[in-house]
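Chemist: based on what follows, work out the 3D shape:
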Amino acid sequence: SDPISEKGVEALRSTPNITVDVNTGLAPDELKKIIGQYHGLVVRSQTKVTRDILAAATNLKAIGRAGVGVDNIDRDAATDHGVIVMNTPSGNTIATAELTFTHLLSLARPVPEAVQSMREGKWDRKTLSGTELFGNHLGILGLGRIGAEVAKRANAFGMKVLAYDPYLTEARAKALGVTIATLDEVFALSDYITVHMPLIEKGKQGATEGMVDDAAFAKMKKGVKIVNCARGEIVHTDDIAAALKSGQVGGYCTDVLDEEPPRADHPLTKLPNCVVTPHIGSRTAESVQRQAVAAVTNLIRAMHGEKPLAQINPEVPVKKVV
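Modeler: As a prediction, the model looks like this:
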């Protein structure tokens with residue numbers, strides 16, 4: 001129900017006993033009317049698979065998400081209805097890590113501002129000179145697949161990498177060339193901070209929602225620069241806007257917002273020291289194809305009663321459909 005690479009559609013259509021319909025851009029009511037006839041559903045991030053939709057999906061057995069985040073799918077409702085939910089955790093790793101580093105470089109060397117300056121007919125070499133990444137401390141929040149790739153690139157640039165991740169072992173930290181740090185140590189010591197954690201709502205174990213907020217900014221070096229290519233809600237919107245205005249945060253590059261697409265008066269889209277991209281972290285040609293193929297591979301395995309490669313609600317048993 002969302003556009004995916006044609007390679008993924010071809011893989012589904014070439015599988016015996018599976019009939020494929022591509023019907024994108026459906027309004028929720030339109031999807032609700034037709035979802036009952038389908039055993040499998042493939043989505044990206046546009047389709048919201050709500051409890052209401054799942055209640056109407058009387059034949060649905062599996063949902064394949066072409067991407068990592070599954071906050072557009074009601075996991076609890078899917079589990080209640082016996083629908084397995086699968087994602088593609090490795091498909092966008094390189095693409096998102098590379099965009100993160102693009103943002104880091106844009107914070108060090110103000111490329112977006114320099115381009116705009118030139119378009120305005122200026123030749124401003126003095127105020128647009130920037131700084132170097134070399135020798136600076138980079139704090140990474142979350143050292144999963146993407147965070148690890150960012151760490152490798154930071155090491156190549158001669159940065160000193162601090163990593164906060166509750167699941168990070170000494171052996172893995174050593175292999176990646178990073179120093180394990182507490183959250184407060186990352187906040188206090190870093191010149192740059194990147195965010196690579198999943199969004200976990202407040203009140204739940206390991207909550208990350210709003211974890212980078214006023215209290216966190218108060219612990220950071222004045223002028224710290226932050227990159228967020230994870231989820232917009234992890235960095236508190238109003239707090240980061242205030243910190244950018246006060247100069248406590250020197251620059252913020254984000255590929256994600258708490259409201260997508262943002263309203264016209266969103267507090268982050270007009271600030272001069274904030275660079276916002278429209279959630280393009282996973283949108284390289286290579287990544288889109290990898291994610292589509294991985295999503296349909298998961299779906300085909302599930303339809304054949306085989307264990308999928310990445311099921312996020314493993315408590316739901318896989319049942320053969322074809």
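
Chemist: could you use CA atoms for every contact and neighbour count after this?
Modeler: Will do.

Chemist: any idea where the helices of the stretch 101-250 of the chain begin and end?
Modeler: 111-119, 145-156, 170-176, 183-189, 214-219, 237-246 (DSSP state H, counting those that start in this stretch).

Chemist: tell me which of these sits nearest to Thr19.
Modeler: helix 145-156 (33.9 Å; CA to CA).

Chemist: circling back to that earlier point, any chance of CSV for the helices of the stretch 101-250 of the chain, columns distance to Thr100?
Modeler: Shown next, in CSV, are the helices of the stretch 101-250 of the chain (distance: least, CA to CA, whole Å):
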stretch, distance to Thr100
helix 111-119, 15
helix 145-156, 7
helix 170-176, 17
helix 183-189, 18
helix 214-219, 20
helix 237-246, 18
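
Chemist: dump those helices to CSV, plus mean neighbour count.
Modeler: Shown next, in CSV, are those (neighbours: other CA atoms under 10 Å):
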stretch, mean neighbour count
helix 111-119, 13
helix 145-156, 19
helix 170-176, 13
helix 183-189, 19
helix 214-219, 15
helix 237-246, 18
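
Chemist: of all these, which one is nearest Pro3?
Modeler: Across these, closest to Pro3 is helix 145-156 (CA to CA), at 23.8 Å.

Chemist: let me see the mean pLDDT of the closest one.
Modeler: Mean pLDDT, helix 145-156: 98.

Chemist: who's in contact with it?
Modeler: When contacts are defined by CA atoms under 8 Å, 6 or more residues apart in numbering, helix 145-156 is touched by residues 90, 93-94, 96-98, 100-101, 138, 140-141, 160-161, 176-178, 195-196.

Chemist: mind running it again at 6 Å?
Modeler: 93, 97, 196 (CA atoms under 6 Å, 6 or more residues apart in numbering).

Chemist: by neighbour count, which of the residues you listed wins?
Modeler: Within the contacts of helix 145-156, most neighbours by other CA atoms under 10 Å means His196, with 26 neighbours.

Chemist: okay but that residue is in contact with Ala230, surely?
Modeler: Yes: counting by CA atoms under 6 Å, His196 touches Ala230, with 5.2 Å between them.

Chemist: the helices of the stretch 101-250 of the chain: which one's closest to Arg290?
Modeler: Nearest of the helices of the stretch 101-250 of the chain to Arg290, taken as CA to CA: helix 145-156 at 15.3 Å.

Chemist: off-centre distance for the closest one?
Modeler: Chain-centre distance of helix 145-156: 15 Å, with CA atoms, centre = their mean, to the nearest Å.

Chemist: sorry, back to before: lowest average confidence across the helices of the stretch 101-250 of the chain, which one?
Modeler: helix 111-119 (a mean of 94).

Chemist: residue nearest the middle of this structure, spatially speaking?
Modeler: Centroid-nearest residue in the chain: Ala230, 3.7 Å away (criterion: CA atoms, centre = their mean).

Chemist: how far away is that one from Leu141?
Modeler: Ala230 sits at a distance of 10 Å from Leu141 (criterion: CA to CA, to the nearest Å).

Chemist: check Gly177 too.
Modeler: With CA to CA as the criterion, Gly177 and Leu141 are 15 Å apart.

Chemist: cool, Glu306 as well?
Modeler: Taking CA to CA, one finds Glu306 at 35 Å from Leu141.

Chemist: more neighbours, those two?
Modeler: Leu141 (23 against 14).

Chemist: what residues are bridge-paired with the more buried one?
Modeler: Using DSSP bridges, the bridge partners assigned to Leu141 are Tyr164, Val195.

Chemist: who's in contact with it?
Modeler: Per CA under 6 Å, 6+ apart, neighbours of Leu141: 164, 195-196.

Chemist: what pLDDT does it get?
Modeler: The model's pLDDT for Leu141 equals 98.

Chemist: same question, Ala230
Modeler: pLDDT, Ala230: 95.

Chemist: got it, and Ser90?
Modeler: Ser90 carries a pLDDT value of 86.

Chemist: do the same with Asn17
Modeler: 92.

Chemist: just give me the neighbour total for it.
Modeler: Neighbour tally, Asn17, other CA under 10 Å: 10.

Chemist: measure the residue nearest to it when sequence neighbours are not counted to Gly305 for me?
Modeler: Excluding its sequence neighbours, the residue lying closest to Asn17 (CA to CA, 6 or more residues apart in numbering) is Val322, at 6.4 Å. Separation of Val322 from Gly305 (CA to CA) stands at 8 Å.

Chemist: the two: which is more packed in?
Modeler: Per other CA under 10 Å, whichever of Val322 and Gly305 has more neighbours is Gly305, with 15 against 12.

Chemist: helix, strand or coil for that one?
Modeler: On the three-state scheme (DSSP: H, G, I helix; E, B strand; the rest coil), Gly305 is labelled coil.

Chemist: what distance separates the opening and closing residues of stretch 239-256?
Modeler: 15 Å.
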